[in-house]
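[1] Next come a sequence and a model predicted from it.
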Amino acid sequence: MPELPEVETVRRGLVPLLEGRVLERVEVLDERLVRPIAPRDAEQLLTGRRVLRLDRRGKYLLLVLDDDLVAVHHLRMTGSFAGPAAEEPRHVRLRYFVEGLAGPVRYNDPRRFGTLDIGSSAEITAYLDSRLGPEPLGPDWNGDALYERLRRRSTSLKAVLLDQRVVAGLGNIYVDEACFLAGVRPDLSADRVSRVGAERLVAAVRARLQEAIDVGGSTLRDYRGVEGEVGGMQERFVAYGRAGRPCLTCGNTMRGARIAGRGTTWCATCQPTNRARKLG
Ligand SMILES: [Zn+2]
């Protein structure tokens, strides 16, 4: 499932294809994608609009259009985009025919959980504000902000970091990666994380997200860049998916269990409490 770095990689791939260009024609091939709007209505709303810019909030991709309209894609499990140069995907659900491009930009989604919402900028902002906390790479998020959220919760740290209202854009991969880098156990009760632990978690989240963005995200199953390119972060995982394998820091066997309903990996030696090793 694409998380913040994968959605950001898609956004960057779409910028040269969409930004500043007019959507000359739009084909919605799956009514589920735009529900509750009817496909023909969605096509009519989008056709003729110019894409002013591409934004991202958490895992949401925003096409900011003229006439105060915003189209919001969420890729969910298996959504992806294919630019004109990429080969035709097997499960195309939408086509953007764009001014000046040789072929359409296609939205592909085998499992059909992805969504496309269309509204005024005020409607979309209200919708996203009700679902999303601060951006982890933005200026509004820091150790104090995270600590204030953690100390009120007695669920696991993992569950709190997965909560999009606490911080936007994290999923299973980058939560495990960040907890390992910060030296904090993901099953620790959130209210037992110290202020220093929260600072370390913020730094670790940022470091793992930034590294992932720099290498084009993680390709595990379906996720690809806009031109079909494979990400590089899966080669660099230090925790995610490494249960039963030796810890890259200490060599002890990594633990695996379900925490917050998600498969979770950690090292009991390197992440013993919230007072573990320092970053770096
Ligand atoms: Zn270890």
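    Ah, there it is.
[2] Domains in the protein, by residue range?
    Listed domain ranges for the chain are 4-129, 143-266 (source: automatic domain parsing).
[3] Now the terminal residues of the longest one, how far apart.
    Using Cα to Cα, to the nearest Å, the end-to-end distance of domain 4-129 comes out at 17 Å.
[4] roughly how far is it from the heart of the chain?
    The gap between where domain 4-129 is centred and where its chain is centred comes out at 16 Å by Cα atoms, centre = their mean, to the nearest Å.
[5] Show me what the mean pLDDT comes to for that domain.
    Averaging pLDDT along domain 4-129 yields 97.
[6] And Pro2, how close does it get to the ion?
    According to Cβ to the ion, to the nearest Å, Pro2 stands 28 Å off from the ion. Where C-beta positions appear, they are placed from N, C-alpha and C, glycine not excepted.
[7] Which stretch among the domains of the chain is buried most, on average?
    Among these, domain 143-266 has the highest mean neighbour count (mean count of other Cβ atoms under 10 Å), at a mean of 19.
[8] end-to-end on that domain?
    22 Å.
[9] ok, Arg112 touching Arg93?
    Yes - counting by Cβ atoms under 8 Å, Arg112 does reach Arg93; the two are 7.0 Å apart.
[10] who touches both of those two?
    Counting by Cβ atoms under 8 Å, 6 or more residues apart in numbering, the residues touching both Arg112 and Arg93 are 30, 33.
[11] Could you tell me the end-to-end distance of stretch 15-30?
    End-to-end distance (Cα to Cα), stretch 15-30: 24 Å.
[12] CA-only coordinates of stretch 71-83, as PDB, when you get a sec.
    C-alpha atoms of stretch 71-83 as PDB (Å, rounded to 0.1, in the frame of the first residue of the first chain):
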ATOM      1  CA  ALA A  71      -9.600  16.600  -7.600                       C
ATOM      2  CA  VAL A  72      -8.300  14.300  -4.900                       C
ATOM      3  CA  HIS A  73      -6.900  10.800  -5.600                       C
ATOM      4  CA  HIS A  74      -6.300   8.300  -2.900                       C
ATOM      5  CA  LEU A  75      -4.400   5.200  -4.200                       C
ATOM      6  CA  ARG A  76      -5.400   3.000  -1.200                       C
ATOM      7  CA  MET A  77      -4.100  -0.600  -1.800                       C
ATOM      8  CA  THR A  78      -3.100  -0.900  -5.500                       C
ATOM      9  CA  GLY A  79      -3.700   2.500  -7.300                       C
ATOM     10  CA  SER A  80      -1.000   3.800  -9.600                       C
ATOM     11  CA  PHE A  81      -0.600   6.100 -12.600                       C
ATOM     12  CA  ALA A  82       0.900   5.400 -15.900                       C
ATOM     13  CA  GLY A  83       2.200   8.200 -18.100                       C
END
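[13] pLDDT at the closest residue to the ion within the stretch 1-150 of the chain, what is it?
    Proximity to the ion, evaluated over the stretch 1-150 of the chain using Cβ to the ion, is greatest for Leu150 at 23.0 Å. Here the pLDDT value assigned to Leu150 is 97.
[14] Can you tell me which residues in the stretch 151-280 of the chain are near the ion?
    247, 249-250, 267, 269-270 (Cβ under 5 Å from the ion).
[15] Which of the residues you listed lies at the shortest distance from Gly143?
    Cys270 (20.3 Å; Cβ to Cβ).
[16] I'd say Glu31 and Asp41 touch.
    No - the pair Glu31 / Asp41 is not scored as a contact, 10.6 Å apart, by Cβ under 8 Å.
[17] Please report how far the residue of the stretch 1-150 of the chain closest to the ion lies from Ser80.
    With distances taken as Cβ to Cβ, to the nearest Å, Leu150 is found 33 Å from Ser80.
[18] Could you do Phe180 as well?
    On the measure of Cβ to Cβ, Phe180 and Ser80 end up 27 Å apart.
[19] Report the secondary structure state of Cys127.
    No Cys there; residue 127 is Tyr. Taken by DSSP: H, G, I helix; E, B strand; the rest coil, the conformation at Tyr127 corresponds to helix.
[20] doesn't Asp117 make contact with it?
    Yes - contact criterion Cβ under 8 Å: Tyr127 and Asp117 qualify, at 7.0 Å.
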